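Enquirer: let me see the structure of the following:
(4 chains)
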2 protein chains.
Amino acid sequence: MSEAPGRVDDEHARLVFDVFAQACTSRVTLEHVTGRWGILAMAALRDGTLRFNALRRRVGGVSEKMLAQTLQALERDGFVRRDAQPTIPPKVEYSLTKSGAKTAELLMGLIDFVESQMPEVMEANARYDAAKGL
Amino acid sequence: MSEAPGRVDDEHARLVFDVFAQACTSRVTLEHVTGRWGILAMAALRDGTLRFNALRRRVGGVSEKMLAQTLQALERDGFVRRDAQPTIPPKVEYSLTKSGAKTAELLMGLIDFVESQMPEVMEANARYDAAKGL
DNA sequence: CAGTATCCATTTGGATACTG
DNA sequence: CAGTATCCAAATGGATACTG
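Expert: Residues are numbered from 1 along each chain as shown, chains lettered A, B, ... in the order given. Here you go, the predicted model:
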């Protein structure tokens, strides 16, 4: 702990890693809810319980694979509850848990704000593109 | 515009498309801020103005390419301001715009909540995995 | 310094077919 | 109905080298 054969970089690298690792603990979870289909699934479930295919139609444009994957991740994280009735044909109902509902609410706050900004965003886009187009 | 050679599916497809398109207007923008590096860049800029490489070190683990891409998208959307001084060597400063700051704030609300839930999330993960592991 | 350009590995994601 | 399994196309993302 006195001589340093490595460079200063070593220490710096550790710092970076720490910050990164710390930020990453929730990163994965965060990406489940902010991900492309995560947002839509959470949003769709805000109105109430839905079965797999109903949810799939509600979201629109999602493949079975991706919806299943998304729902599994959200269920594993405790944001979505999965109620499978062992009947034939199977009936599986999805709904938000308490923390899922809170998350969806926060998500909606962000979405609504961004949506409210869309006119400005489109303007900004146009300005940016025009400046580049010169 | 009277006869419909296509099937009912056509209409359904249009409905799905509409919903999807509507949701998608802000989707792209939303993904810029919720994306992997978008979140980190916005978070890093909350503390103030940063130059490209400083920001890069602050975020940690991001390649030049991805940071440049991320910043361009955020600038194009009007969330980040880019101040380039035509000096040699070049000096470019990045900061949040007003709407960028508001977005970052909402983002932080979401992140903080998810982070506060991490113990429960990890528990949920463990329970889920245990149930699967049987 | 602040990027752009290129190449390449990995990941992502959808269509399809099949199962309980 | 509610998925799983497989295959393959496309997008993502990083390392590297180069430019103004």
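Enquirer: quickly find the element holding A:Ala104.
Expert: Using DSSP states H and E, A:Ala104 sits in helix A:98-116.
Enquirer: that helix and chain B in contact?
Expert: Yes - contact between helix A:98-116 and chain B, assessed by Cβ under 8 Å from any Cβ of the partner chain, occurs at A:99, A:102-103, A:106-107, A:109-111, A:113-115. C-beta here means a position set from N, CA and C on the backbone, and glycine is covered the same way.
Enquirer: okay if I get these as JSON lines plus distance to DNA strand C, pLDDT and neighbour count?
Expert: Formatted as JSON lines, the entries for the residues of helix A:98-116 next to chain B read as follows, by distance: Cβ to the nearest atom of the strand, whole Å; pLDDT from 0 to 100; neighbours: other Cβ atoms under 10 Å in any protein chain shown:
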{"residue": "A:Ser99", "distance to DNA strand C": "23", "pLDDT": "98", "neighbour count": "18"}
{"residue": "A:Lys102", "distance to DNA strand C": "25", "pLDDT": "98", "neighbour count": "16"}
{"residue": "A:Thr103", "distance to DNA strand C": "19", "pLDDT": "97", "neighbour count": "27"}
{"residue": "A:Leu106", "distance to DNA strand C": "22", "pLDDT": "96", "neighbour count": "18"}
{"residue": "A:Leu107", "distance to DNA strand C": "17", "pLDDT": "94", "neighbour count": "24"}
{"residue": "A:Gly109", "distance to DNA strand C": "23", "pLDDT": "95", "neighbour count": "15"}
{"residue": "A:Leu110", "distance to DNA strand C": "19", "pLDDT": "94", "neighbour count": "21"}
{"residue": "A:Ile111", "distance to DNA strand C": "18", "pLDDT": "91", "neighbour count": "19"}
{"residue": "A:Phe113", "distance to DNA strand C": "23", "pLDDT": "96", "neighbour count": "16"}
{"residue": "A:Val114", "distance to DNA strand C": "19", "pLDDT": "94", "neighbour count": "24"}
{"residue": "A:Glu115", "distance to DNA strand C": "21", "pLDDT": "91", "neighbour count": "18"}
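Enquirer: ok so, going back, beyond the helix holding A:Ala104, next helix or strand please.
Expert: With secondary structure assigned by DSSP H and E, helix A:98-116 is succeeded by helix A:118-133.
Enquirer: is DNA strand C within reach of that next one?
Expert: No - figure legend: helix A:118-133 not in contact with DNA strand C (Cβ under 7 Å from any atom of the strand); closest approach 9.3 Å.
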